[in-house]
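1. fold the following, please.
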Amino acid sequence: MTVAPAEFAATSRFAQAGDLRLHYHEAGPADWGAAPGTPVVMLHGGGPGASAWSNFGRNLGVFAGRFRTLMVDQPGFGRSDKPPVAGQYFTFAAGALAGLLDDLGIDKVHLVGNSLGGGTAVRFALRYPERAGRLVLMGPGGLSLNVFAPDPTEGVKRLMEFAAPPGPSREKLAAFLRTLVFDQRLITDELVEERFAAASEPAALAAAASMGASFFDPATAEEGLLWREAHRLRNPVLLIWGREDRVNPLDGALVALKLIRRARLHVFGGCGHWAHLEKFDEFNELVMSFLEGGSGR
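-> You can find the predicted model right below:
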């Protein structure tokens with residue numbers, strides 16, 4: 001089936017989430033108001049220059065054929081506000097998402113989260129259990145606990161190097177992006193340039209520093225250790241991992257798979273941290289089937 005790709009401008013929206021102005025994309029069936037089913041929210045990862053469109057723009061048109069689909073620029077990213085993080089980032093972002101849904105009049109959503117977005121999805125489900133349906137977590141931050149792989153991983157090292165002295169560069173960004181994929185052809189000069197332009201803005205750099213600090217602040221750092229609370233999840237959960245993930249390696253799935261009562265794990269071979277792009281067609285069908293209840297009952 002051929003699906004028309006979504007367009008940035010046509011799907012771009014803004015909403016107020018408490019004190020935050022959040023940017024998101026929205027698309028879906030022509031008459032989604034009359035159609036049954038739970039909306040789907042996609043939450044992007046947290047690398048330099050990341051945004052909802054950068055991560056999930058290609059997937060939006062596919063998902064919108066079957067679901068009312070929202071892709072949210074998390075606080076500090078894309079066109080959303082970039083304030084200092086209050087507390088721990090996952091908790092901060094989950095609260096912002098709840099505010100966004102309140103503004104849009106949406107009671108409950110399924111969540112698809114990649115990396116940092118996976119961590120936000122888990123915290124949202126733990127904090128607002130009545131508002132979270134099924135969870136699709138792709139190499140999720142906070143939930144991934146490396147049993148065999150060293151910490152920090154190669155990808156996390158490259159991420160931390162981006163803004164380190166003497167400062168950001170295209171070369172450091174490209175080195176990080178290459179850790180995200182098995183197929184190195186996906187890291188084009190155009191992608192590096194697009195992401196660098198967004199990541200090197202002063203507001204983006206300040207937001208990234210504030211976010212990073214929230215994971216190490218002794219007052220709130222434990223809120224980021226989501227694996228310690230994973231046993232409380234009652235949602236159907238689909239864990240997706242790339243066998244060659246160099247950011248959150250595959251062994252990071254083991255504790256989550258053991259602790260989450262209704263979890264299942266799908267592993268893509270020949271795939272890194274971006275399963276939604278490297279295994280585009282397979283990923284889309286797998287996830288949409290799961291969200292519709294076709295698996296993981």
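2. could I get the full set of strands for the stretch 51-200 of the chain?
-> Counting by DSSP state E, counting those that start in this stretch, one finds strands in the stretch 51-200 of the chain at the ranges 69-72, 109-114, 132-138.
3. the longest one pairs with which strands, and in what direction?
-> So the one you mean is strand 132-138. Strand 132-138 pairs in its sheet with strand 109-114 (parallel), strand 237-242 (parallel), by DSSP bridges.
4. export these to a markdown table and append columns for mean pLDDT and distance to Thr179.
-> Placement of C-beta: from N, CA and C, glycine included. As requested, the strands paired with strand 132-138 are arranged in a markdown table below (pLDDT from 0 to 100; distance: least, C-beta to C-beta, whole Å):
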| stretch | mean pLDDT | distance to Thr179 |
| --- | --- | --- |
| strand 109-114 | 98 | 14 |
| strand 237-242 | 98 | 11 |
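5. the strands of the stretch 51-200 of the chain: which one's closest to Asp81?
-> Among those, the nearest to Asp81 by C-beta to C-beta is strand 69-72 (12.3 Å).
6. what pairs with that closest one, parallel or antiparallel?
-> Within its sheet, strand 69-72 is paired with strand 20-27 (antiparallel), strand 40-43 (parallel), according to DSSP bridges.
7. picking up where we left off before, columns distance to Asp103 and mean neighbour count on top of the strands paired with strand 132-138, output as TSV?
-> Output for those, formatted as TSV (distance: least, C-beta to C-beta, whole Å; neighbours: other C-beta atoms under 10 Å):
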stretch	distance to Asp103	mean neighbour count
strand 109-114	13	27
strand 237-242	27	25
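8. gap between Gly99 and Phe124?
-> Computed with C-beta to C-beta, to the nearest Å, the distance linking Gly99 and Phe124 is 11 Å.
9. which one of these two has more residues nearby?
-> Per other C-beta atoms under 10 Å, whichever of Gly99 and Phe124 has more neighbours is Phe124, with 27 against 17.
10. find me the pLDDT at the residue nearest to Leu259 when sequence neighbours are not counted, would you?
-> Once flanking residues are discounted, Leu259 sits nearest to Ala230: 4.3 Å by C-beta to C-beta, 6 or more residues apart in numbering. The model reports Ala230 with a pLDDT of 97.
11. list the contacts of Ala230.
-> Listed by C-beta atoms under 8 Å, 6 or more residues apart in numbering, the contact partners of Ala230 are Val122, Leu143, Val255, Ala256, Leu259, Ile260.
12. now for the longest helix along the chain, which elements pack on it?
-> In the chain, assigned by DSSP state H, the helix with the most residues is helix 89-104. Applying 3 or more C-beta pairs under 8 Å, 6 or more residues apart in numbering; DSSP states H and E, we find helix 89-104 packed against strand 12-17, strand 20-27, strand 40-43, strand 69-72, helix 116-127, helix 202-214.
13. got the buried residues for it?
-> For helix 89-104, a neighbour-count test (16 or more other C-beta atoms under 10 Å) marks 89-101 as buried.
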